[in-house]
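Enquirer: I'll drop the sequence and a predicted model, then ask my questions.
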Amino acid sequence: MILLVIDAQKGICNQGLYQYDTFVSTVKTLISVARKKGVEVVFVRHDDGAAQMLTKGNAAFEVDAAFAPLPGEKVFDKKVNSPFRSSGLLEYLQEKGEKQLMVVGLQTDYCMDATIKCGFEHGFRMIVPEGGNTTFDNDFMTGEQTYAYYNHFMWPKRYAKCVTVQEAIQMICK
């Protein structure tokens, strides 16, 4: 298993996110447990391109300090919602023979959704811990509605196994 941390970047990791404190606590806990148990933690950052907030070289692009990678941990950069396209992540996981990914990060309705669906399509067993993803309100749904839609309706029994934090910890500890 690999713990995959998607787009937990300084520029978008803030109090405007639905249940921000729960998200931070959950992700920090899972990263800590994974590191203690020798489960690899892999980070993905989103690059929107030149003159954008999330652009390589801007402070906003870096992984938020609450989750910062340790020296030697893999970090992949992407320019589209899916981390499996043109980032090197897919090839890395295939070389390792990895088939199970626990996924946390931002944003539920953008890159998390693409990661889970594309990962499923590439044959990975996708695991989504409760409270390990979040998003902002948008023009159509609140962050809470968006979170519920994906975590309780869209992903379970289709694309991912959605589990409690305790179940996620148990899976990491196996």
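Expert: Yep, it's here.
Enquirer: Please make it C-alpha for all contacts and neighbour counts, starting now.
Expert: Will do.
Enquirer: Kindly list the longest helix within the protein.
Expert: Identified as the longest helix of the chain according to DSSP state H is helix 20-36.
Enquirer: chain center to it, what's the gap?
Expert: Distance of helix 20-36 from its chain centroid, counting by CA atoms, centre = their mean, to the nearest Å, is 12 Å.
Enquirer: tell me what that helix is packed against?
Expert: On a contact count with 3 or more CA pairs under 8 Å, 6 or more residues apart in numbering; DSSP states H and E, helix 20-36 meets strand 40-46, strand 133-134, helix 165-173.
Enquirer: So what touches it?
Expert: 3, 14-15, 40-41, 66-67, 104-105, 131-134, 165, 168-169, 172-173 (CA atoms under 8 Å, 6 or more residues apart in numbering).
Enquirer: try 6 Å
Expert: 131-132 (CA atoms under 6 Å, 6 or more residues apart in numbering).
Enquirer: Between strand 40-46 and it, find me the angle.
Expert: Interaxial angle of helix 20-36 relative to strand 40-46 (axes from the mean of the first three to the mean of the last three CA atoms, to 10 degrees): 140 degrees.
Enquirer: which one of the helices and strands packed on helix 20-36 has the most crowded surroundings?
Expert: Among those, strand 133-134 has the highest mean neighbour count (mean count of other CA atoms under 10 Å), at a mean of 28.
Enquirer: Walk me through which strands it pairs with, and which way each runs.
Expert: Counting by DSSP bridges, the strands paired with strand 133-134 are strand 100-106 (parallel).
Enquirer: before we move on, back to that, format the helices and strands packed on helix 20-36 as JSON lines; extra columns: distance to C111.
Expert: Shown next, in JSON lines, are the helices and strands packed on helix 20-36 (distance: least, CA to CA, whole Å):
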{"stretch": "strand 40-46", "distance to C111": "9"}
{"stretch": "strand 133-134", "distance to C111": "10"}
{"stretch": "helix 165-173", "distance to C111": "21"}
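Enquirer: can you put the ones you listed in a markdown table and add mean pLDDT and distance to P83?
Expert: Formatted as a markdown table, the helices and strands packed on helix 20-36 follow (pLDDT from 0 to 100; distance: least, CA to CA, whole Å):
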| stretch | mean pLDDT | distance to P83 |
| --- | --- | --- |
| strand 40-46 | 98 | 7 |
| strand 133-134 | 98 | 16 |
| helix 165-173 | 98 | 22 |
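Enquirer: Quick check: K161 vs K37, distance?
Expert: With distances taken as CA to CA, to the nearest Å, K161 is found 21 Å from K37.
Enquirer: more neighbours, those two?
Expert: Applying other CA atoms under 10 Å to K161 and K37 shows that K161 carries more neighbours, namely 15 against 12.
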